[in-house]
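Enquirer: Here you go, sequence then predicted model.
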Protein chains: 2
Amino acid sequence: MKIAGVLETCLYAPDLEAAKSFYQGLLGLELFAEQPGRHLFFRTGSGVFLVFNPEATRQETALPPHGAAGSVHVCFRVAAEELPGWAARLEAHGYAVTWAKWKAGQSLYVRDPAGNLVELAPAAIWGLGEG
Amino acid sequence: MKIAGVLETCLYAPDLEAAKSFYQGLLGLELFAEQPGRHLFFRTGSGVFLVFNPEATRQETALPPHGAAGSVHVCFRVAAEELPGWAARLEAHGYAVTWAKWKAGQSLYVRDPAGNLVELAPAAIWGLGEG
(Lines give C-alpha, C1' and ligand atoms only; values in the text may rest on other atoms or scores of the structure.)
Protein backbone atom coordinates (compact mmCIF):
# COMPACT_ATOMS: atom_id res chain seq x y z
CA MET A 1 0.00 0.00 0.00
CA LYS A 2 1.32 3.38 -0.94
CA ILE A 3 0.10 6.97 -0.88
CA ALA A 4 0.48 8.29 -4.42
CA GLY A 5 0.25 12.01 -3.69
CA VAL A 6 -2.03 14.73 -2.41
CA LEU A 7 -5.50 14.74 -3.94
CA GLU A 8 -7.15 17.60 -1.98
CA THR A 9 -5.40 20.66 -0.58
CA CYS A 10 -7.64 22.86 1.59
CA LEU A 11 -7.80 26.34 3.00
CA TYR A 12 -10.39 28.18 5.08
CA ALA A 13 -12.00 31.52 4.34
CA PRO A 14 -15.12 32.89 6.03
CA ASP A 15 -15.69 35.30 3.10
CA LEU A 16 -15.98 33.02 0.08
CA GLU A 17 -16.77 35.85 -2.34
CA ALA A 18 -13.47 37.53 -1.51
CA ALA A 19 -11.70 34.17 -1.82
CA LYS A 20 -13.33 33.63 -5.22
CA SER A 21 -12.12 37.00 -6.49
CA PHE A 22 -8.61 36.12 -5.41
CA TYR A 23 -8.28 32.48 -6.49
CA GLN A 24 -10.43 32.57 -9.60
CA GLY A 25 -10.17 36.21 -10.62
CA LEU A 26 -6.56 36.93 -9.83
CA LEU A 27 -4.76 33.56 -9.78
CA GLY A 28 -6.92 32.16 -12.59
CA LEU A 29 -7.72 28.81 -10.96
CA GLU A 30 -10.52 26.81 -12.57
CA LEU A 31 -13.61 26.90 -10.34
CA PHE A 32 -15.66 23.77 -11.05
CA ALA A 33 -18.10 23.72 -8.13
CA GLU A 34 -19.35 26.05 -5.44
CA GLN A 35 -21.92 26.08 -2.68
CA PRO A 36 -22.60 29.60 -1.41
CA GLY A 37 -21.68 29.90 2.24
CA ARG A 38 -19.89 26.53 2.31
CA HIS A 39 -17.22 26.02 -0.34
CA LEU A 40 -15.38 26.77 -3.58
CA PHE A 41 -13.80 23.82 -5.42
CA PHE A 42 -11.00 24.36 -7.94
CA ARG A 43 -9.20 21.91 -10.22
CA THR A 44 -5.46 22.34 -10.40
CA GLY A 45 -2.85 19.97 -11.79
CA SER A 46 -3.49 16.37 -10.74
CA GLY A 47 -5.75 17.28 -7.81
CA VAL A 48 -8.21 19.74 -6.38
CA PHE A 49 -7.87 22.85 -4.24
CA LEU A 50 -10.77 23.39 -1.85
CA VAL A 51 -11.67 26.58 0.02
CA PHE A 52 -14.14 26.06 2.84
CA ASN A 53 -16.05 28.44 5.06
CA PRO A 54 -15.01 27.02 8.44
CA GLU A 55 -18.20 28.31 10.05
CA ALA A 56 -20.07 25.83 7.83
CA THR A 57 -17.71 22.85 7.83
CA ARG A 58 -17.25 22.91 11.62
CA GLN A 59 -20.99 22.15 11.89
CA GLU A 60 -20.92 19.27 9.41
CA THR A 61 -23.03 16.27 10.37
CA ALA A 62 -23.13 14.03 7.27
CA LEU A 63 -19.31 14.12 6.97
CA PRO A 64 -16.70 14.56 9.72
CA PRO A 65 -16.42 18.24 10.72
CA HIS A 66 -13.27 20.27 10.07
CA GLY A 67 -12.26 23.93 9.97
CA ALA A 68 -9.28 26.01 11.02
CA ALA A 69 -8.61 29.57 12.11
CA GLY A 70 -5.42 31.45 11.41
CA SER A 71 -3.14 31.46 8.43
CA VAL A 72 -2.72 28.23 6.46
CA HIS A 73 0.18 28.06 4.02
CA VAL A 74 -0.16 26.73 0.48
CA CYS A 75 2.25 26.91 -2.44
CA PHE A 76 1.27 26.72 -6.10
CA ARG A 77 3.63 25.58 -8.82
CA VAL A 78 4.41 28.16 -11.49
CA ALA A 79 7.11 28.54 -14.13
CA ALA A 80 10.16 30.42 -12.84
CA GLU A 81 10.04 32.87 -15.74
CA GLU A 82 6.45 33.83 -14.91
CA LEU A 83 7.19 34.96 -11.33
CA PRO A 84 7.81 38.63 -12.24
CA GLY A 85 4.53 38.68 -14.16
CA TRP A 86 2.69 37.23 -11.17
CA ALA A 87 4.25 39.83 -8.87
CA ALA A 88 3.19 42.61 -11.23
CA ARG A 89 -0.37 41.30 -11.46
CA LEU A 90 -0.73 40.93 -7.69
CA GLU A 91 0.74 44.35 -6.96
CA ALA A 92 -1.47 45.96 -9.60
CA HIS A 93 -4.44 44.68 -7.60
CA GLY A 94 -3.11 46.06 -4.33
CA TYR A 95 -1.56 42.90 -2.91
CA ALA A 96 1.83 43.21 -1.21
CA VAL A 97 4.34 40.65 -2.48
CA THR A 98 7.32 39.31 -0.51
CA TRP A 99 10.14 37.60 -2.41
CA ALA A 100 12.19 34.73 -1.02
CA LYS A 101 15.49 33.44 -2.33
CA TRP A 102 16.29 29.72 -2.22
CA LYS A 103 19.29 27.66 -3.30
CA ALA A 104 17.58 26.74 -6.57
CA GLY A 105 15.55 29.83 -7.41
CA GLN A 106 13.05 32.30 -6.07
CA SER A 107 9.45 32.31 -4.91
CA LEU A 108 6.95 34.93 -3.89
CA TYR A 109 4.51 35.17 -1.02
CA VAL A 110 1.17 36.96 -0.84
CA ARG A 111 -1.71 36.94 1.68
CA ASP A 112 -5.13 35.91 0.40
CA PRO A 113 -8.09 38.03 1.62
CA ALA A 114 -8.55 35.66 4.61
CA GLY A 115 -4.90 35.99 5.63
CA ASN A 116 -3.73 32.61 4.38
CA LEU A 117 -0.11 32.60 3.23
CA VAL A 118 0.00 31.80 -0.50
CA GLU A 119 3.30 31.13 -2.24
CA LEU A 120 4.03 30.86 -5.96
CA ALA A 121 7.17 28.87 -6.74
CA PRO A 122 8.85 26.79 -9.40
CA ALA A 123 9.14 23.09 -8.48
CA ALA A 124 12.92 23.44 -8.76
CA ILE A 125 13.10 25.04 -5.29
CA TRP A 126 12.32 21.56 -3.94
CA GLY A 127 14.52 19.74 -6.43
CA LEU A 128 11.38 18.52 -8.18
CA GLY A 129 10.61 18.40 -11.89
CA GLU A 130 7.85 20.45 -13.50
CA GLY A 131 5.60 17.30 -13.14
CA MET B 1 0.63 32.77 -16.91
CA LYS B 2 -0.89 29.66 -15.44
CA ILE B 3 -0.79 27.87 -12.11
CA ALA B 4 0.27 24.30 -12.88
CA GLY B 5 -0.81 22.67 -9.62
CA VAL B 6 -0.23 22.56 -5.90
CA LEU B 7 3.42 22.28 -4.89
CA GLU B 8 3.13 22.45 -1.07
CA THR B 9 0.22 21.21 1.03
CA CYS B 10 0.50 22.09 4.73
CA LEU B 11 -0.94 21.07 8.06
CA TYR B 12 -0.24 22.19 11.62
CA ALA B 13 0.62 20.00 14.59
CA PRO B 14 2.07 21.25 17.89
CA ASP B 15 3.37 17.72 18.68
CA LEU B 16 5.65 16.89 15.75
CA GLU B 17 6.77 13.54 17.20
CA ALA B 18 3.18 12.34 17.25
CA ALA B 19 2.70 13.67 13.71
CA LYS B 20 5.84 11.84 12.58
CA SER B 21 4.58 8.53 14.00
CA PHE B 22 1.34 9.00 12.11
CA TYR B 23 2.50 10.31 8.71
CA GLN B 24 5.79 8.44 8.44
CA GLY B 25 5.16 5.40 10.63
CA LEU B 26 1.56 4.66 9.78
CA LEU B 27 0.87 6.28 6.38
CA GLY B 28 4.40 5.54 5.11
CA LEU B 29 5.12 9.00 3.71
CA GLU B 30 8.74 9.72 2.82
CA LEU B 31 10.24 12.13 5.38
CA PHE B 32 13.09 13.99 3.70
CA ALA B 33 13.75 16.85 6.13
CA GLU B 34 12.90 17.79 9.68
CA GLN B 35 13.71 20.51 12.17
CA PRO B 36 12.78 19.51 15.72
CA GLY B 37 10.16 21.86 17.13
CA ARG B 38 9.47 23.49 13.74
CA HIS B 39 8.65 21.12 10.89
CA LEU B 40 8.48 17.77 9.13
CA PHE B 41 8.79 17.76 5.33
CA PHE B 42 7.53 14.81 3.26
CA ARG B 43 7.74 14.12 -0.46
CA THR B 44 4.60 12.79 -2.05
CA GLY B 45 3.67 12.51 -5.70
CA SER B 46 4.61 15.64 -7.64
CA GLY B 47 4.86 17.87 -4.57
CA VAL B 48 5.62 18.09 -0.89
CA PHE B 49 3.51 17.73 2.24
CA LEU B 50 4.65 19.95 5.12
CA VAL B 51 3.69 19.66 8.77
CA PHE B 52 4.53 22.73 10.85
CA ASN B 53 4.44 23.44 14.56
CA PRO B 54 2.29 26.60 14.47
CA GLU B 55 3.87 27.84 17.70
CA ALA B 56 7.15 28.13 15.76
CA THR B 57 5.91 29.35 12.35
CA ARG B 58 3.67 32.05 13.87
CA GLN B 59 6.86 33.67 15.22
CA GLU B 60 8.74 33.51 11.91
CA THR B 61 10.79 36.59 11.09
CA ALA B 62 12.95 35.62 8.07
CA LEU B 63 9.86 34.39 6.16
CA PRO B 64 6.24 35.53 6.44
CA PRO B 65 4.60 33.98 9.52
CA HIS B 66 1.76 31.46 9.26
CA GLY B 67 0.03 28.94 11.47
CA ALA B 68 -3.49 27.70 12.08
CA ALA B 69 -5.47 26.20 14.93
CA GLY B 70 -8.28 23.72 14.50
CA SER B 71 -8.77 20.88 12.07
CA VAL B 72 -7.35 21.27 8.56
CA HIS B 73 -8.55 18.79 5.94
CA VAL B 74 -6.22 17.00 3.53
CA CYS B 75 -6.88 14.08 1.20
CA PHE B 76 -4.24 11.68 -0.09
CA ARG B 77 -4.62 9.72 -3.29
CA VAL B 78 -4.65 5.94 -2.89
CA ALA B 79 -5.71 3.04 -5.10
CA ALA B 80 -9.37 2.11 -4.56
CA GLU B 81 -8.49 -1.54 -3.96
CA GLU B 82 -6.13 -0.59 -1.12
CA LEU B 83 -8.77 1.25 0.95
CA PRO B 84 -9.78 -1.81 3.02
CA GLY B 85 -6.10 -2.47 3.79
CA TRP B 86 -5.64 1.13 4.93
CA ALA B 87 -8.73 0.90 7.15
CA ALA B 88 -7.40 -2.31 8.72
CA ARG B 89 -3.97 -0.79 9.34
CA LEU B 90 -5.39 2.39 10.91
CA GLU B 91 -7.85 0.51 13.09
CA ALA B 92 -5.13 -1.94 14.22
CA HIS B 93 -3.28 1.11 15.57
CA GLY B 94 -6.32 2.41 17.43
CA TYR B 95 -7.51 5.01 14.91
CA ALA B 96 -11.25 5.24 14.24
CA VAL B 97 -12.10 5.20 10.55
CA THR B 98 -15.20 6.76 8.98
CA TRP B 99 -16.21 5.66 5.48
CA ALA B 100 -17.87 7.94 2.94
CA LYS B 101 -19.69 6.90 -0.20
CA TRP B 102 -19.46 9.00 -3.35
CA LYS B 103 -20.93 8.68 -6.84
CA ALA B 104 -17.68 7.20 -8.16
CA GLY B 105 -16.37 5.21 -5.23
CA GLN B 106 -15.54 5.36 -1.55
CA SER B 107 -13.09 7.15 0.70
CA LEU B 108 -12.16 6.94 4.36
CA TYR B 109 -11.55 9.59 6.99
CA VAL B 110 -9.30 9.49 10.03
CA ARG B 111 -8.09 12.13 12.53
CA ASP B 112 -4.34 12.64 12.83
CA PRO B 113 -2.98 13.03 16.40
CA ALA B 114 -3.44 16.84 16.16
CA GLY B 115 -7.08 16.50 15.10
CA ASN B 116 -6.61 17.30 11.42
CA LEU B 117 -9.07 15.53 9.15
CA VAL B 118 -7.17 13.16 6.84
CA GLU B 119 -8.92 11.42 3.97
CA LEU B 120 -7.66 8.59 1.78
CA ALA B 121 -9.40 8.41 -1.59
CA PRO B 122 -9.00 7.24 -5.16
CA ALA B 123 -8.76 10.09 -7.67
CA ALA B 124 -11.88 8.71 -9.36
CA ILE B 125 -14.12 10.32 -6.71
CA TRP B 126 -13.23 13.65 -8.36
CA GLY B 127 -13.41 12.28 -11.89
CA LEU B 128 -9.62 12.50 -12.09
CA GLY B 129 -7.15 9.95 -13.44
CA GLU B 130 -4.61 8.16 -11.26
CA GLY B 131 -1.95 10.69 -12.52
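Expert: That came in fine, so what should we check first?
Enquirer: can you give me the strands in chain A?
Expert: Secondary structure of chain A by DSSP state E: the strands cover A:5-12, A:30-35, A:39-44, A:47-52, A:67-71, A:73-77, A:98-102, A:105-111, A:117-121.
Enquirer: A:G28 is in contact with A:L120, isn't it?
Expert: No: under the criterion of C-beta atoms under 8 Å, A:G28 is not in contact with A:L120, lying 11.5 Å apart. Backbone N, C-alpha and C define where each C-beta goes, glycine included.
Enquirer: With neighbour numbers in mind, choose between those two.
Expert: A:L120 (24 against 13; other C-beta atoms under 10 Å in any protein chain shown).
Enquirer: Report the beta-bridge partners for the nearest residue to A:A33 once chain neighbours are set aside.
Expert: Distances taken as C-beta to C-beta, 6 or more residues apart in numbering or on different chains put A:F41 closest to A:A33, at 4.1 Å, once the chain neighbours are dropped. A:F41 has these beta-bridge partners by DSSP bridges: A:A33, A:L50.
Enquirer: Same check on A:L117?
Expert: Assessed by DSSP bridges, A:L117 has beta-bridge partners A:H73, A:R111.
Enquirer: where does chain A have low pLDDT?
Expert: A:130-131 (pLDDT under 70).
Enquirer: Let me see the contact set for the residue nearest the centre of it.
Expert: Chain A has A:V74 as the residue nearest its centroid, 5.2 Å off, counting by C-alpha atoms, centre = their mean. Counting by C-beta atoms under 8 Å, 6 or more residues apart in numbering or on different chains, A:V74 makes contact with A:9, A:11, A:49, A:116-119, B:6, B:8-10.
Enquirer: nearest to A:A80, of these?
Expert: Nearest to A:A80 among the contacts of A:V74: A:E119, at 13.4 Å, using C-beta to C-beta.
Enquirer: residue contacts, that closest one?
Expert: By C-beta under 8 Å, 6+ apart, the neighbours of A:E119 are A:73-76, A:100, A:107-110, B:7-8.
Enquirer: List just the nearest of the contacts of A:V74 to B:R58.
Expert: Distance to B:R58 across the contacts of A:V74 (C-beta to C-beta) is lowest for A:L117, with 10.9 Å.
Enquirer: my guess is the closest one meets A:R111, correct?
Expert: Yes: the criterion here is C-beta under 8 Å, and A:L117 meets it with A:R111 at 6.4 Å.
Enquirer: Which one of those two is surrounded by more residues?
Expert: Using other C-beta under 10 Å as the criterion, A:L117 and A:R111 rank with A:L117 on top: 25 against 17.
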